[in-house]
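Undergrad: got a predicted structure plus its sequence, pasted below:
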Amino acid sequence: MGARYAKRLIKARKWQESRQVISKIIKMLSPSNSSMLLSKDNVCLASFELYGIEQKIEADRETIWEMGTILLSHPSELFHLPSFRARLSRQRRHRFIDEGNLKLIEENENIIENAVIHNVEKLEESSDDGARPNLLINPLSSIDYISVHKKTLKVLTIGSRSESELFCLYAAGFKPENVSAIDLISYTPLIQSGDAHELPYEENSFDIIVAGWVLAYSRSPDIMAKEIMRVARPHAYIAAGCAYTPPGRGKGGTSGTNISGTRFSSIADITDLFSDRMKILLFQSPIERERMIGTAALACVFQLD
C-alpha cells in the first residue's frame, strides 16, 4: 500500500479509503499542510478580476495529490520554491555555524577593507530566496546551448555568500555535483573559502562562471577578471552583476556596512574587464532612467572566445 494505491483510490472516487492512505503518506511531508492535501474542497490558487469578470484558478483534490506524489518521488522540485530555498538555506546556515564551521579568509591588498566582516554581517540580512542570483541565472538558462546541455556543464559561482544561490542553480537544472562555489566566507561544505584573485582551480575548468555582486569587493577587479578567464573553458559563458553607482557619487561609490568598494556605473564597466576574450554580449540589464539616481543592479551575460 502506497502512493500508487492511493492514486488509484482517488481515481475510483473511494475518498474515505484514499484519505486513510494519504494520512499515512503525508507524514513524510509537512504535517501542517495536511489539511490542504486532505481537503474535500478545491484549493483556490488565485482570485482576481480580469476583463470586468471575477476569475478564479482552482486545483481539485486529485491535482493536489498528484503534486504531492511528484514531490515524494522528486523532492528536488522543492528547489523551485523561493520560500523553501529561503527556509532551507537559513536552517542549514544556523546549524553549520552553530557547529563551528564558519571560515573566513584574511583580507589582502586586492580585497577592499572590511569586505569579510561586511559579508558576515549581511548573512542574516539576506532574503535567501534567490531573487538576486536569479537575475543572472534566468538569462543564462534561456541560452539554447545551456538549456540543452546544462546537465553536463561545469559551473563556478563566485561570491555566493549563502547556499541559496546554489539552490537556484539546482532548480535551473544544473547538477549539484557539477556546481562549485567560492567566497570570502564559508560555513558549508558546498562553498570553498578562498580569494577570487587567486582561484584554486586549473585552467579551462568551467563552462559557466557566475560572478554576482562580487567585483565591487575588489580593489583589483582586472586581476579577478583575468582569473575568471583563466579557469573558463573556450566559449564559456560569464554572468556578472554589480550594484549600480551613479557617476556623480563620490570616490569609492559602492557602499554598505563599513565598506567602500569599486564603483560600477554601466555595463561597459563590467565587460571592459573581459575585453581580451569577450566574444559576444548576450544579455544586459541597463539602468532605467528613473533609477539612475539611486540604487539598482547592473547585470549581463556574455560569451568568451
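TA: Perfect, thanks for sending it. Model, not experiment: these values are computed from the prediction.
Undergrad: C-alpha only now, for contacts and for neighbours.
TA: Noted.
Undergrad: residues of the helix or strand where residue 119 lies that come out buried?
TA: Using DSSP states H and E, residue 119 maps to helix 115-123. For helix 115-123, a neighbour-count test (16 or more other C-alpha atoms under 10 Å) marks 115, 116, 117, 119, 120 as buried.
Undergrad: if I pick the last one, what's in contact with it?
TA: To tie it back to what came earlier, the one meant is residue 120. The contact partners of residue 120, taken as C-alpha atoms under 8 Å, 6 or more residues apart in numbering, are residue 185.
Undergrad: gap between the helix holding residue 119 and the chain center?
TA: 18 Å (C-alpha atoms, centre = their mean, to the nearest Å).
Undergrad: can you lay out the buried residues of helix 115-123 as a markdown table showing pLDDT and distance to residue 153?
TA: A markdown table is the format used below for these (pLDDT from 0 to 100; distance: C-alpha to C-alpha, whole Å):
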| residue | pLDDT | distance to residue 153 |
| --- | --- | --- |
| 115 | 88 | 31 |
| 116 | 89 | 30 |
| 117 | 87 | 33 |
| 119 | 86 | 29 |
| 120 | 87 | 30 |
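Undergrad: what about residue 183, neighbour count?
TA: 23 (other C-alpha atoms under 10 Å).
Undergrad: over to residue 244?
TA: Neighbours of residue 244 (other C-alpha under 10 Å): 25.
Undergrad: give the contact list for it.
TA: 254, 263, 264, 265, 266, 287, 295, 296, 297, 298.
Undergrad: mind checking what secondary structure residue 262 has?
TA: coil (DSSP: H, G, I helix; E, B strand; the rest coil).
Undergrad: what sits closest to it if chain neighbours are left out?
TA: Leaving aside its sequence neighbours, residue 262 sits nearest to residue 216 (C-alpha to C-alpha, 6 or more residues apart in numbering; 4.6 Å).
Undergrad: that neighbour is in contact with residue 240, isn't it?
TA: No. Residue 216 lies out of contact with residue 240 (C-alpha atoms under 8 Å); the separation is 11.0 Å.
Undergrad: starting at the chain centroid, how far to stretch 63-73?
TA: Counting by C-alpha atoms, centre = their mean, stretch 63-73 comes out at 24 Å from the chain centroid.
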